[in-house]
Each structure stands twice: as structure tokens, then as C-alpha cells.
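Trainee: Next come a sequence and a model predicted from it.
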Amino acid sequence: MSGWLVLVLVLLCQALVGSASSDAGECLVDGREDEACILARLDTEDDVRSAFDAGPVRYNVVPNFLSSRIPEYPRDVTLVTQGSLDRLSRLKEQALSWKGSLSVAIYFRHHETQGENFARNLQALRELHSEIEELGSCRLRISLLYAVDPETADKEYDTL
């Protein structure tokens, strides 16, 4: 079992102890928590969210900011990935080596969406997209995803 899954199960167990203290030993098998038992006690997605005090992450999204003019094939396979501005060179390498469709969500940190930074960053994306289009390497589609302003974010993770 991977480390993150163990951590999730431990946190779930801790959250459940307060709400089901009468059933505290119910999910123990040989002194260890039984994963299936614990997960069976969480009925809904809301139970999981309340156990972690979490909600959906809020991002600003611009789908299909840049799309390819190269026609798609009927049985085209689309490679889907994500990246950030500091990894555009890697995206370029990937686009040059892929012959199908490539759909990428580029994440902007809040400061990368401010003033001249934003204009410069969008221009860098346009130039990359144009270069890939001219080479006819792949059908590149770029969507934008950017962090919520830290001043208006409900949760810290909305700004990541």
C-alpha cells in the first residue's frame, strides 16, 4: 500500500473516531485498521470532504485558449497533460515528438497573471503554439488554468 494511501486512511480513522467512538474497534483486524471497513463507513463524497474539511479547488479556467488548425484524424489519439510556464521547453519537446493531438492545461500562479507579466506569458504561449503549428508536428490545444487571488480565496489550496 502506498504511503499517501496509508496517510489518508490514518486521517480518515482519526476523523471517524470522534463521530463513531462506540464503533472504535470495529475496523481493527489484528490490531490494524481494515481499509475496506473504513471506506465502507464513508457513505458519500460529502463525508470524505467533511473528514478533511475540504471542498473543490477553485481555479479560473479558459478552455481552448489556443486550438490547432490542423485537421484531426477520425481515430486520433489525444495526449492530455498539464504544465506550468516554467516547463514550456518540456512541452515543446513533447509536442515535437507527438504526432497526434496534444491537449495541455497550463497553470498560472497568481503573480503570473498580473499586468505585463500576464501579457508576456500569454505571448510566450502564442509563440510556442505558432511554432508547433508551423512545423505541423501535432495538433496542440492549450487551455489556461490560474490560481485565485489570495485575497479572495476561501481556502489556501485555492491559491496553489
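Mentor: Sure thing, it's come through. Numbering: from 1, shown residues only.

Trainee: Now L102: which helix or strand?
Mentor: strand 101-108 (DSSP states H and E).

Trainee: what's the following helix or strand after that strand?
Mentor: Counting by DSSP H and E, the next helix or strand C-terminal to strand 101-108 is helix 115-135.

Trainee: Identify each buried residue in that next one, please.
Mentor: 121-122, 125, 128-129, 132-133 (16 or more other Cβ atoms under 10 Å). Where C-beta positions appear, they are placed from N, C-alpha and C, glycine not excepted.

Trainee: what's downstream of that helix, the next helix or strand?
Mentor: strand 139-147.

Trainee: Can you check what pLDDT the model gives the closest residue to R141 other than its chain neighbours?
Mentor: Closest residue to R141 apart from its sequence neighbours, by Cβ to Cβ, 6 or more residues apart in numbering: S103 at 4.6 Å. You'll see S103 listed with a pLDDT of 95.

Trainee: show me the contacts for S103.
Mentor: 78-81, 141, 143 (Cβ atoms under 8 Å, 6 or more residues apart in numbering).

Trainee: who wins for neighbours among those residues?
Mentor: Using other Cβ atoms under 10 Å as the neighbour criterion, R141 leads the contacts of S103 with 19 neighbours.

Trainee: thinking again about what came up before, now, among the buried residues of helix 115-135, which is nearest to V62?
Mentor: Set against V62, the nearest of the buried residues of helix 115-135 by Cβ to Cβ is L122 (9.9 Å).

Trainee: which residues of this structure score low on pLDDT?
Mentor: 1-25, 33-36, 38-58, 150, 153-160 (pLDDT under 70).

Trainee: Swap in 80 and give it another go.
Mentor: Low-confidence segments of the chain (pLDDT under 80): 1-59, 147-160.

Trainee: Using CSV, list the CA coordinates for the strand holding L102.
Mentor: Written as CSV, here are the backbone C-alpha positions of strand 101-108 (Å, rounded to 0.1, in the frame of the first residue of the first chain):
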residue,chain,number,x,y,z
SER,A,101,-3.4,15.6,-30.8
LEU,A,102,-2.0,17.2,-27.6
SER,A,103,-4.2,18.9,-25.1
VAL,A,104,-2.5,20.8,-22.3
ALA,A,105,-3.7,22.8,-19.4
ILE,A,106,-1.1,25.5,-18.4
TYR,A,107,-1.3,26.5,-14.8
PHE,A,108,-0.5,30.2,-13.9
